[in-house]
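**Student:** When you get a sec, could you give me coordinates for this:
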Amino acid sequence: MRGQRVVSTDRVFKSRGRFLLVLASRPRCQQHGRKIRLLRCCPAGSAVFASEYPVPVATMVAGGGERPWAPAGAAGLAVGATLLCNVASLAYLLRGYVVDGRRRRRQGCAARSGADDGALLADEETEAPDHAVALPPDAVLNLELGDPTMYEAFWREVGDRAATVIRGWQAMSYFSDPDALCWFLEPEFEREVRRLHRVVGNAVVDGYHLVVGTGATQLYQAAMYALSSPARGDKPVPVVSPAPYYSSYPPQTDLQLSGFYRWAGDASTFAGGECIELVCSPNNPDGAVRESVMSSAAGAKPIHDLVYYWPQYTPITGRAAHDIMLFTVSKITGHAGTRLGWALVKDREVAKKMVYFVDRSTIGVSKDSQLRATKILSVVSDAYEAPPAGDGGAAVPRLFDFARRRMEERWRTLRATVAASGAFSLPEEIAGYCDFNKQTVAACPAFAWLRCEKEDVEDCAEFLAGHKIVARGGKQFGGDARCVRINMLDRDQVFDMLVQRLSAIN
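**Tutor:** Take a look at the predicted model:
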């Protein structure tokens, strides 16, 4: 009927700034030439807010057609039903916003408008992460990689003290200091790196050039490039390391098919002469403390991979002062995703060649990563240089104390489990006086070099895979297939389940 308003199932009417949503089947509708967007968290067929005025309801009559006005009783029932529907829909909305007293992330199910579009509240950002969910009993434990997620608990405790804010206009240039030898090295990051080494006492920094890279991996390749000679032509420099060596050394060496250097295998079987020797100490995978085994007089050039030479893993017995020393953020603080490492290089010409390699391969290193790492490292050093908190003051969490406690607990548990099982063995525990801790401490390597002692098992990695434990096999390290490398830096629940499964094997 003309002049009378009819509410159809796909119309939304606006009344005094509030919406009447009625069994909507389309996300948009037309009213008086204007488009009105439905709240996206409201499913089709639900109502949210009701007008304060009665609305005529179109009713179907037998035999077809409409009766535009319902009887008073029917209209009352319709209004009551609408109100009930509104209350139910409002409850649905509130459920989408509040769960257990906390506002949760509105994953595509929120009305976004104006400045609030896409913004997340502070408490949304501190929401419990997905990994807090308990592992199922039959979960596959992937302990092949050295993912250092154990450190997450520490950095949650630190909280906003380690937060970094990078504004849109900051760190935009390629250059950090155009006049510096390493022109893409952020001065603040260099300062914090040198400061941390002085605090820990694990490396000499005075008189050394600092070259930053995308993790220790890029710096390892840069160092090989710097130590080899392009004039050698078809005779590349052999690269060696004593077995068991880090499993990534062979593929990283030969990845670029360089004519300057090539992988030559186990240093203990190398005939001698000119070579590049990779010295990893503490060693990955077995945690052994190593020195160079090749003679520099015969032309051997060492690269010292010291990424695990930190007090949570091994006693600090002195300040290392080798020609080239590699370090990485991931093994110190656990920030593997930052992809940042550095080299301390004694010779300026070698450092210049390493800078050239990084320049040509990636045109520098992420400034964002350097700025974040600057803050992270400063928090670590501050905790040991700041005076103790007074009465009532909050103590600053100490990274190396946290990590040392965790690693000691894990190794004590693992050794007890292995001893009780009888099916496996571990390298002998080594200990020494630590200049940093000022006490004698045991080594707690980042990896467990586990050997299977069962007579019928020839491949330990394959055997453990049958128990849903993924580990890296010993052959990849130039060692015995009866050995595997197991990551000791995963989250607590993963480590606990590992211990449970190993204890069930006998």
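
**Student:** Hmm, D459 is touching A481, no?
**Tutor:** Yes - D459 is within contact range of A481, at 4.9 Å (criterion: Cβ atoms under 8 Å). Just so you know, the C-beta spots here come from the backbone N, C-alpha and C atoms, and that holds for glycine as well.

**Student:** tell me, what's touching the two both at once?
**Tutor:** G473 (Cβ atoms under 8 Å, 6 or more residues apart in numbering).

**Student:** is it true that A443 touches Y313?
**Tutor:** Yes - look at A443 against Y313 with Cβ under 8 Å: they come within range, at 6.9 Å.

**Student:** Among these two, which residue is more densely surrounded?
**Tutor:** Between A443 and Y313, Y313 has the larger neighbour count (other Cβ atoms under 10 Å), namely 24 against 20.

**Student:** quick check, I303 in a strand?
**Tutor:** Yes - counting by DSSP: H, G, I helix; E, B strand; the rest coil, one finds I303 located in a strand.

**Student:** Let me see the contact set for it.
**Tutor:** Contacts of I303 (Cβ under 8 Å, 6+ apart): 220, 223-224, 227, 276-279, 324, 326.

**Student:** What of N437?
**Tutor:** 311, 315-316, 404 are the contacts of N437 under Cβ under 8 Å, 6+ apart.

**Student:** does it belong to a helix or a strand, and which?
**Tutor:** Here N437 sits in a region with no helix or strand, counting by DSSP states H and E.

**Student:** if we can go back for a sec, can I have the buried ones of the contacts of I303 as a ChimeraX selection?
**Tutor:** To isolate the buried members of the contacts of I303 in ChimeraX, using 16 or more other Cβ atoms under 10 Å:
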select :220,223,224,227,276,277,278,279,324,326
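
**Student:** Which ones among the contacts of I303 lie within helices?
**Tutor:** 220, 223-224, 227 (DSSP state H).

**Student:** domains of the chain?
**Tutor:** Structural domains assigned to the chain are 12-103, 141-157+397-503, 165-383, following automatic domain parsing.

**Student:** and these as TSV, adding mean pLDDT and distance to L135?
**Tutor:** Output for the domains of the chain, formatted as TSV (pLDDT from 0 to 100; distance: least, Cβ to Cβ, whole Å):
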stretch	mean pLDDT	distance to L135
domain 12-103	44	22
domain 141-157+397-503	97	6
domain 165-383	95	20
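
**Student:** Reformat those as CSV; add distance to V133.
**Tutor:** Converted to CSV, the domains of the chain look like this (distance: least, Cβ to Cβ, whole Å):
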stretch, distance to V133
domain 12-103, 15
domain 141-157+397-503, 9
domain 165-383, 21
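
**Student:** from the contacts of I303, which is closest to Y433?
**Tutor:** V279 (22.1 Å; Cβ to Cβ).

**Student:** what's across from that closest one in the sheet?
**Tutor:** The bridge-partner assignment for V279, based on DSSP bridges, gives H304.

**Student:** That one and H304 touch, don't they?
**Tutor:** Yes - with contact defined as Cβ under 8 Å, V279 reaches H304; the gap is 4.9 Å.

**Student:** any residues in contact with both of these two?
**Tutor:** H322.

**Student:** Okay, helices next: where are they in the stretch 401-506 of the chain?
**Tutor:** Along the stretch 401-506 of the chain, the segments classed as helices by DSSP state H, counting those that start in this stretch run 460-465, 492-503.

**Student:** what about these, which gets the closest to M294?
**Tutor:** Nearest of those (Cβ to Cβ): helix 460-465, 29.9 Å.

**Student:** Please tell me how far that closest one is from the chain's geometric centre.
**Tutor:** 27 Å (Cα atoms, centre = their mean, to the nearest Å).

**Student:** can you pull the contacts of A163?
**Tutor:** K375.

**Student:** Could you report the distance from it to H322?
**Tutor:** According to Cβ to Cβ, to the nearest Å, A163 stands 35 Å off from H322.

**Student:** now A203
**Tutor:** A203 is 9 Å from H322, by Cβ to Cβ.
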